[in-house]
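>>> Below are the sequence and a predicted model for it; my questions follow.
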Amino acid sequence: MILWIGWLLLARPIPALALPEQTLGGDAWKTTLEPFFLTGVPIDFRSEDGLSLKGIRFPNRSATETVLFLPGFSEPWLKYIELLHDLHRRGYEILTYDHRGQGTSPRLARSNPDAVHLEHFEDHVSDLSRFLEVAPKRRMHVLAHSMGGALALDWAGKHANPQLGRIVVNAPMLAIRTDPFPRPIARVITSFLVTLGLGERYAPTKGPRDPERPFESNRGTSSTFRYAFEQRLARLYPDRWVGGPTNSWVNAALDASERIARDASQLQRPVTMLVPTDDSYAVPEELIRICGSPEAKCNAIVLEGSRHEVFAESDLHRNRALEAVLRTFTGP
């Protein structure tokens, strides 16, 4: 089933799900989000290959269920502190962590530490399993963005967890845009560069993060307020932000996305997929097709006019996405 959420629904009132985006330009960090941030309980865990990875838990005494949030490529979980606060306020305990190579977890490219490096996407699946071994055990919903969405689908297809509740993925990394190269050419280029021993170099057209990048050049959100808030967090915690992907990362991601898309029809658990139509990082039409295949237990919710980062979008798009998430978590 495909549900479209677009301009025809503008007349429908939306409840106050979150802080208005304008408040993020004021004192919302100091009065609301930083105090919440400070309630987090660190979770240190070790990967199968010996990395010391960093997670966090936001306890909630009234909670009977947990939400596990999986951020996307290059993103620290801190970028989504507003989203975690919103979910916590709705009565959930929150779990999240920084993927290997980004956030507070160790960097992997020895010769290029600001780049996001990866050799095998399966390492992410293994890391998630190790994290859940040390996390509190209770019914758990999964909310995941972009690369985290691909990880959630890959993990759910390999592990039967009796405590797993609903799965919601936003713009999962199954249909990567590889502009200016067609996807097959991008795979050939990065694979060739890896064989030349250049796996830790930035992929073509990629490079270090620009801390002064203007809003107009961003492709993730149409909200000037939430973009400025992310920039503010990056200034407060600069060590948590990283640059672009390496050749090896792109090569591994393209291989994994193709495999996970192919295996999506084999999932035994229902999945809700948010699909923003103005996505510059994934191809919405491909995601709808993958989710809509007859074998897939997938419900696509199409967010008309939203960019890729729906949880950092303007209030109109973000509130509709958050409403869909909460409706999925509490539904029958």
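Yep, it's here.
>>> Any regions of the stretch 151-300 of the chain where pLDDT drops low?
160 (pLDDT under 70).
>>> can you map out the helices along it?
All helices of the stretch 151-300 of the chain, identified by DSSP state H, counting those that start in this stretch, fall at 183-195, 224-236, 247-263, 284-291.
>>> which ones are touching Leu68?
For Leu68, the contact set (CB atoms under 8 Å, 6 or more residues apart in numbering) comprises Leu95, Thr96, Leu132, Ala135, Met140, His141, Val142, Leu143. Placement of C-beta: from N, CA and C, glycine included.
>>> what pairs with it across the strands?
For Leu68, the beta-bridge partners are Leu95, Val142 (DSSP bridges).
>>> any idea how far Arg57 is from it?
10 Å (CB to CB, to the nearest Å).
>>> Adding neighbour count, distance to Ser257 and pLDDT as columns, could you present the contacts of Leu68 in JSON lines?
JSON lines is the format used below for those (neighbours: other CB atoms under 10 Å; distance: CB to CB, whole Å; pLDDT from 0 to 100):
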{"residue": "Leu95", "neighbour count": "23", "distance to Ser257": "25", "pLDDT": "98"}
{"residue": "Thr96", "neighbour count": "26", "distance to Ser257": "22", "pLDDT": "98"}
{"residue": "Leu132", "neighbour count": "19", "distance to Ser257": "23", "pLDDT": "93"}
{"residue": "Ala135", "neighbour count": "18", "distance to Ser257": "26", "pLDDT": "87"}
{"residue": "Met140", "neighbour count": "20", "distance to Ser257": "24", "pLDDT": "94"}
{"residue": "His141", "neighbour count": "20", "distance to Ser257": "23", "pLDDT": "96"}
{"residue": "Val142", "neighbour count": "28", "distance to Ser257": "18", "pLDDT": "97"}
{"residue": "Leu143", "neighbour count": "30", "distance to Ser257": "19", "pLDDT": "98"}
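>>> ok, of those, which one's closest to Pro208?
Closest approach to Pro208 among these (CB to CB): Thr96, at 25.3 Å.
>>> wait, isn't that closest one in contact with Glu75?
No. Assessed by CB atoms under 8 Å, Thr96 is found out of contact with Glu75, at 10.7 Å.
>>> Find the residues that touch each one of these two.
With CB under 8 Å, 6+ apart, Thr96 and Glu75 have no common neighbours.
>>> Quick check: neighbours shared by Leu68 and Arg57?
Common neighbours of Leu68 and Arg57 (CB under 8 Å, 6+ apart) are Leu95, Ala135.
>>> For burial, what's the neighbour tally of Thr66?
Residues lying near Thr66 (other CB atoms under 10 Å) number 23.
>>> Please give me every residue in contact with it.
Tyr92, Glu93, Ile94, Leu95, Ala135, Pro136, Arg138, Arg139, Met140, His141.
>>> Quick check: the residue sitting nearest the centre point of the chain vs Trp241, distance?
Most central in the chain under CA atoms, centre = their mean is His145, positioned 2.5 Å from the mean C-alpha point. His145 sits 16 Å away from Trp241 when distances are taken as CB to CB.
>>> what do you get for Val250?
Going from Val250 to Trp241 by CB to CB gives 19 Å.
>>> now do Glu212
Here Glu212 is placed at a distance of 13 Å from Trp241 (CB to CB).
>>> With neighbour numbers in mind, choose between these two.
Taking other CB under 10 Å, Glu212 and Trp241 do not tie; Trp241 has more neighbours (21 against 5).
>>> Tell me if I'm right that that one and Arg209 touch.
Yes. Contact criterion CB under 8 Å: Trp241 and Arg209 qualify, at 5.8 Å.
>>> anything in contact with each of the two?
What both Trp241 and Arg209 touch, as defined by CB under 8 Å, 6+ apart, is the set Ser74.
>>> returning to that earlier point: now for the helices of the stretch 151-300 of the chain, which one comes closest to Pro106?
Nearest of those to Pro106, taken as CB to CB: helix 247-263 at 14.9 Å.
>>> Check which helices and strands that closest one is in contact with.
Contact here means 3 or more CB pairs under 8 Å, 6 or more residues apart in numbering; DSSP states H and E; on that basis helix 247-263 packs against helix 147-158, helix 183-195.
>>> Okay, angle between it and helix 183-195 too, please.
Helix 247-263 runs at 140 degrees relative to helix 183-195, counting by axes from the mean of the first three to the mean of the last three CA atoms, to 10 degrees.
>>> Please compute how far helix 247-263 lies from its chain's middle.
Put simply, helix 247-263 sits 16 Å off its chain's centre (CA atoms, centre = their mean, to the nearest Å).
>>> Show me what counts as buried in it.
Asn247, Ser248, Trp249, Val250, Asn251, Ala252, Ala253, Leu254, Ala256, Ser257, Ile260, Ala261 (16 or more other CB atoms under 10 Å).
>>> what comes into contact with that helix?
Contacts for helix 247-263 (CB under 8 Å, 6+ apart): 73, 101, 115-122, 147, 150, 153-154, 157, 172-176, 178, 183, 186-187, 190-191, 193-194, 198-203, 245, 286, 290.
>>> Now, of these, which are buried?
By 16+ other CB under 10 Å, these give 73, 101, 115-118, 121, 147, 150, 153-154, 157, 172-176, 178, 183, 186-187, 190-191, 193-194, 198-203, 245, 290 as buried.
>>> Understood, closing this out.
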